[in-house]
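[1] A predicted structure for the sequence below; I have some questions about it.
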Amino acid sequence: MSRPFRSTLWFKKGHELEARTAEGEEVLPTSNLRPIEDAYLDDGSVTREDHQAYSLQTGSTQPIERDPAGKPVGDVDLLVRDLVSGRRAFSTAIIAAFVVAIVVSTLAIV
């Protein structure tokens, strides 16, 4: 059984490297010499405190808060804009690919 990649270990090592660099120590990140899937394997050094500090998992999901009128509280517009801009970029790429395909097929006929 292989050991899993630990994103928690990745964040922990990055934080340690940043702290050592801030102290003025010249540090060569040796983990970069190995492929990423090998550099951050679970080596047993991640403690419960490390997991709480560096984990991507919060342990719960939460619904968007709403005011008494039922409208979302906070900057939901920013979230919607991010989602729409991704969809817009994808649609633009599909249309551009379609136009290129038509131009190429037209040139191939001539």
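    Everything's here; your move. Residues are numbered from 1 along each chain as shown.
[2] going by C-alpha atoms from here, please, whenever you check contacts or count neighbours.
    Noted.
[3] give the next helix or strand downstream of the helix or strand residue 49 falls within.
    Under the criterion DSSP states H and E, the helix or strand holding residue 49 is helix 48-54. Moving toward the C-terminus from helix 48-54, the first helix or strand encountered (DSSP H and E) is helix 76-109.
[4] ok, residue 41 to residue 21 distance?
    Using CA to CA, to the nearest Å, one obtains 23 Å as the distance from residue 41 to residue 21.
[5] between the two, which has more neighbouring residues?
    When residue 41 is set against residue 21 and neighbours are counted by other CA atoms under 10 Å, the residue ahead is residue 41, at 16 against 13.
[6] give the bridge partners for the more buried one, please.
    In this structure, residue 41 bridges to residue 5 when assessed by DSSP bridges.
[7] quick check, it in contact with residue 6.
    Yes. Between residue 41 and residue 6 there is a contact at 5.9 Å, judged by CA atoms under 8 Å.
[8] which parts of the helix holding residue 49 are buried?
    When burial is assessed from 16 or more other CA atoms under 10 Å, helix 48-54 yields the following buried residues: 51, 54.
[9] can you name every helix or strand that it contacts?
    When contacts are defined as 3 or more CA pairs under 8 Å, 6 or more residues apart in numbering; DSSP states H and E, helix 48-54 packs onto helix 7-22.
[10] please identify the buried residues of the least confident helix or strand in the chain by mean pLDDT?
    Least confident helix or strand, the chain: helix 36-39 with a mean of 72, by mean pLDDT, DSSP states H and E. Counting neighbours by 16+ other CA under 10 Å, one finds that the buried residues in helix 36-39 are residue 39.
[11] off-centre distance for it?
    Average the C-alpha atoms of helix 36-39, do the same for its chain, and the two points are 17 Å apart (CA atoms, centre = their mean, to the nearest Å).
[12] next up, the contacts around the nearest residue to residue 46 once chain neighbours are set aside.
    Setting aside the residues directly before and after it, residue 46 is nearest to residue 9 in space (CA to CA, 6 or more residues apart in numbering), at 6.5 Å. For residue 9, the contacting residues are 40-42, 46, 54, taking CA atoms under 8 Å, 6 or more residues apart in numbering as the criterion.
[13] widest-spaced pair of these?
    When those are compared pair by pair using CA to CA, the two farthest from each other are 41 and 54, 15.2 Å apart.
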